[in-house]
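Q: my questions are about this predicted structure, shown below with the sequence.
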Amino acid sequence: MPKILCLTSHDLNGPEQGALLRARNVFKLLARLGEVRLVLAGYHVAWTSHPGPVCGGFELLRAIRFEPTKRVSISDRLQHELNPRFMNTDWVQARPEDQAWLANTIAQHDLVWVHGVNIANGFGRWRWPNGVLDIDDIPSSFHRSQLARAGSLKERMKTRRQVFLWQRHERTLWERFEAVCVCSEPDRKLLNRPEKTFVVPNGFAKPEKPVARRPMNPPRIGFIGNFAYAPNLEGAWWLVKEVWPLILKKHPQARLRLAGDRSERENWPAGQNIDALGWLPDVAAEMAGWSLAVAPILSGGGTRIKIAEAFGYRCPTVSTSLGAYGYAVKDGEELFLADNAADFAAKCNRILAEPLTGEKLANRAWEKFEASWTWDAQAGRVAAVVNKVLGASQARREEKLAA
């Protein structure tokens, strides 16, 4: 049974949100194939060097906090701008002793699965033998999505610079890793190295029993996400300011339910029937009362687990095109898509006025979810990546012995 070392910045015991759910569930799929051990690493990770705790069901070897670069020299700044192999992209790095510990630990494992390029760069490590990089949010794609939202010339130039820097850096990933995983076929095409890029879609856990929908009256429209993540917060404010007033004109008693970590911390307008719920331990019970879920995403990269979650709970959904990016869905088939406030509100109002229309959308979405977007549906894809990397490693060993 292969030994698999998994690295992530997400505390798998923490409140559920998109990137954490991906890390936890992909690691669970890896645990079907080998012995998984975990390292937490990142700027916000609490420092501890004591092995042994359990994190998300896995043995936690170490939690490593990246520390800010205390002095950024002119040479470093030039390297950052001009050298695609320069790895201190976020000006935070693991301490030298942690880098040495990781090198020794990697040597004791058959495969290394790294969740996020920032972790790889934070260790200042160029080559990851038998390494898989899992990117759920391609940095250049994230910054490119913000171009349309950039207001001033200065903001547009700054954003274009980030797109350029990350595109250049992304072209080096296959020198560093044996395989790169992304969330969707469009992302695979974007990286333009199909022979070493694998699609492992985001998913959601299939409910253990049939979902009992109980839409409330007055109707409820819900948005769920981590409000510490800028694209979610941006989308929520667009929804509240631009879309929600148009919905209230048609349905003045409707309520907007904002659920997720830090949703309760925002100063939402009073008297607009808005309920900020914060983090919920039982999303299924809350979503069962919604007439529809919305994904008003205007910027960001990767695919949104909130789409698979709504499909899994058979909740009718209205999303922007970017919110549903990476899912093989069509407007009017599995959900409604709209990219301006008037259309978005109109499609929400249609579902409120025609519940059967929403039910048909949700049923078709469930069929695709069950076939393609449960975590169990990704088991074969994860296994294919592992087999590819381990097979290549074995072939290299045999060639070396033969020589």
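A: Sure, I can see it.

Q: and the helices in the stretch 101-250 of the chain?
A: 117-122, 139-145, 153-170, 173-176, 185-191, 230-238, 244-250 (DSSP state H, counting those that start in this stretch).

Q: and of those, who's closest to L292?
A: helix 244-250 (10.4 Å; CB to CB). C-beta: built from backbone N, CA, C; applies to glycine.

Q: starting at the chain centroid, how far to the helix or strand just after that closest one?
A: Under the assignment DSSP states H and E, the closest C-terminal helix or strand after helix 244-250 is strand 255-259. Its chain's C-alpha centre and that of strand 255-259 lie 22 Å apart, by CA atoms, centre = their mean, to the nearest Å.

Q: can you list the strands that strand 255-259 pairs with?
A: Partners of strand 255-259 in the sheet, by DSSP bridges, are strand 220-224 (parallel), strand 274-278 (parallel).

Q: nearest to W290, of those?
A: strand 220-224 (4.2 Å).

Q: coming back round to it: and the strands paired with strand 255-259, which is most packed in?
A: strand 220-224 (a mean of 24; mean count of other CB atoms under 10 Å).

Q: any weak-confidence spans in the chain?
A: Applying pLDDT under 70 to the chain flags the ranges 47-52, 395, 398-403.

Q: so who does the closest residue to I305 other than its chain neighbours touch?
A: Distance criterion CB to CB, 6 or more residues apart in numbering; nearest residue to I305, sequence neighbours excluded, is G18 at 4.3 Å. G18 sits next to 136, 202, 225-226, 229, 304-306 when contact means CB atoms under 8 Å, 6 or more residues apart in numbering.

Q: let's see that with 10 Å instead.
A: 10, 136-137, 202, 225-226, 229, 232, 260, 302-306, 308-309 (CB atoms under 10 Å, 6 or more residues apart in numbering).

Q: which residue ranges form the strands in the stretch 51-200 of the chain?
A: Taking DSSP state E, counting those that start in this stretch to define them, one finds strands in the stretch 51-200 of the chain at 54-55, 58-65, 67-68, 92-93, 111-115, 131-134, 179-182, 197-199.

Q: need those strands in a markdown table with distance to P252 and mean neighbour count, can you?
A: Below are the strands of the stretch 51-200 of the chain laid out as a markdown table (distance: least, CB to CB, whole Å; neighbours: other CB atoms under 10 Å):
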| stretch | distance to P252 | mean neighbour count |
| --- | --- | --- |
| strand 54-55 | 47 | 16 |
| strand 58-65 | 49 | 20 |
| strand 67-68 | 50 | 12 |
| strand 92-93 | 49 | 18 |
| strand 111-115 | 45 | 26 |
| strand 131-134 | 46 | 24 |
| strand 179-182 | 43 | 25 |
| strand 197-199 | 44 | 19 |
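
Q: and the ones you listed as CSV, adding distance to L256?
A: Converted to CSV, the strands of the stretch 51-200 of the chain look like this (distance: least, CB to CB, whole Å):
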stretch, distance to L256
strand 54-55, 35
strand 58-65, 37
strand 67-68, 39
strand 92-93, 37
strand 111-115, 33
strand 131-134, 34
strand 179-182, 33
strand 197-199, 34
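
Q: out of these, nearest to P281?
A: Nearest of these (CB to CB): strand 54-55, 18.9 Å.

Q: by contact count, what packs against the closest one?
A: strand 35-42, strand 58-65 (3 or more CB pairs under 10 Å, 6 or more residues apart in numbering; DSSP states H and E).

Q: mind putting the ones you listed into CSV with distance to N387?
A: Formatted as CSV, the helices and strands packed on strand 54-55 follow (distance: least, CB to CB, whole Å):
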stretch, distance to N387
strand 35-42, 16
strand 58-65, 21
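
Q: mind checking which of the ones you listed is nearest L111?
A: strand 35-42 (9.8 Å).
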